[in-house]
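Trainee: Quick one, what's the 3D model for this:
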Amino acid sequence: MAVALVVSACACSNKNDGIPDVWPWEDPDADDAPWVEVTDGSFGQLPEAVKLYHSPEKLKGKKAEAYIATVDLTKASFHVWGLNDPELDGSEDALKTPTQVFNAQGSPVLVMNGGYFYVDSGINYPASLAIENGVLLSPNINYASEDWVVMYYPTRAAFVQRKDGSLAAAWTYFQDAEHHYIYPAPAKNGYGSTPLSQPDATFPEGGEILDVKTGIGAGPVLLKDGALMNTWRYECIPGDYDVNCVNPDPRTAIGVTADNRLVLFVCEGRQMTEGVEGYSTENVAKILKEFGCVDAINLDGGGSSCLLVNGFPTIKPSDGAQRSVGSCIYIK
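Mentor: Predicted structure coming up:
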């Protein structure tokens with residue numbers, strides 16, 4: 001994960017040198033069997049606001065072990081725990097497993113891992129947005145590089161709950177506490193192209209000051225306004241290593257349906273259950289669209305992927321045990 005530090009603006013071109021507007025993600029064929037609601041009490045009693053679903057035997061033609069929780073936020077509340085590092089200079093907070101967050105937050109009904117993070121010289125750094133009750137815990141990283149010579153200033157994925165209660169996927173950029181923006185579309189960066197200017201109030205178009213109740217970041221955006229997104233290149237996310245957007249892996253994602261129900265998704269992978277490889281971010285986008293999501297983003301996956309229901313794990317973590325992470329979503 002790229003080191004997350006605040007950087008000053010540079011005079012770069014806003015020209016998009018050969019980065020395509022769309023990559024070929026076709027709309028999904030709705031041929032998967034339906035998800036099955038879990039009603040046998042195997043994860044304890046669920047409140048009226050929460051429904052839990054288990055995947056069919058196969059999704060996208062592959063053996064699946066996945067869960068989706070839906071939440072009616074008129075009857076429940078959406079929260080984020082994260083490392084406290086609003087200036088991206090490192091945190092004294094400890095990483096926590098989802099179970100530790102479950103215990104610390106009064107046993108919420110759902111806990112799921114959140115955004116990216118890293119550790120450098122013994123210091124914990126968040127690399128993704130975390131906002132709780134209007135307070136910025138950490139922004140998305142604001143620069144990235146493959147070689148630490150050519151620098152990019154990517155707008156990264158965020159999933160937010162606005163102050164009116166509505167939910168949406170978007171892209172954000174952090175300059176400083178007074179210049180933290182949210183956009184309806186990303187800046188079209190891409191490794192190997194000429195870096196675009198540092199995002200600001202006018203670039204990319206439609207920017208506003210980020211002022212939301214709750215937010216979690218990572219990337220890439222998977223769905224926006226019902227359309228499949230394929231913006232990991234724009235967000236300068238390593239597609240074929242690290243995040244592994246193009247490879248099958250355990251995944252975590254968050255989305256919203258047209259009627260503003262929150263959707264939490266997690267899938268197993270890496271053969272923790274025999275024959276279960278996991279999914280690419282393209283697969284996850286199509287699965288969530290078929291389920292009914294209109295907006296969604298990818299969160300930290302791999303060994304971080306975890307969804308607890310009343311404290312009970314839904315999938316087998318690929319590390320063999322829960323990973324300590326830099327942020328979690330929880331539902332009360």
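Trainee: for the record, mean pLDDT for stretch 267-279?
Mentor: Mean pLDDT, stretch 267-279: 97.
Trainee: Now tell me what touches that stretch from outside.
Mentor: If you take Cβ atoms under 8 Å, 6 or more residues apart in numbering as the criterion, stretch 267-279 is touched by 55, 59-60, 62-67, 248-251, 284, 287, 301-302, 305, 315-318. All C-beta spots, glycine's among them, are computed from the backbone N, C-alpha and C.
Trainee: which ones are touching the nearest residue to residue 305 once chain neighbours are set aside?
Mentor: Sequence neighbours aside, residue 250 is the residue nearest to residue 305 in space, at 4.0 Å (criterion: Cβ to Cβ, 6 or more residues apart in numbering). By Cβ under 8 Å, 6+ apart, the contact list for residue 250 reads 266-270, 272, 278, 301-303, 305, 315, 317-318.
Trainee: Could you do residue 260 as well?
Mentor: So residue 260 contacts 73, 165-167 (Cβ under 8 Å, 6+ apart).
Trainee: go with 10 Å
Mentor: Residues counted as contacts of residue 260 (Cβ atoms under 10 Å, 6 or more residues apart in numbering) are 72-74, 161, 165-168, 294.
Trainee: any idea how far residue 267 is from residue 127?
Mentor: If you measure residue 267 against residue 127 using Cβ to Cβ, to the nearest Å, the figure is 22 Å.
Trainee: Kindly apply the preceding question to residue 63 instead.
Mentor: Following Cβ to Cβ, the distance that separates residue 63 from residue 127 is 31 Å.
Trainee: Tell me which of the two has more neighbours.
Mentor: residue 127 (27 against 14; other Cβ atoms under 10 Å).
Trainee: The residue nearest to the more buried one when sequence neighbours are not counted - how many residues pack around it?
Mentor: Leaving out its chain neighbours, the residue that sits closest to residue 127 by Cβ to Cβ, 6+ apart is residue 116, at 4.0 Å. Close neighbours of residue 116, defined as other Cβ under 10 Å, add up to 28.
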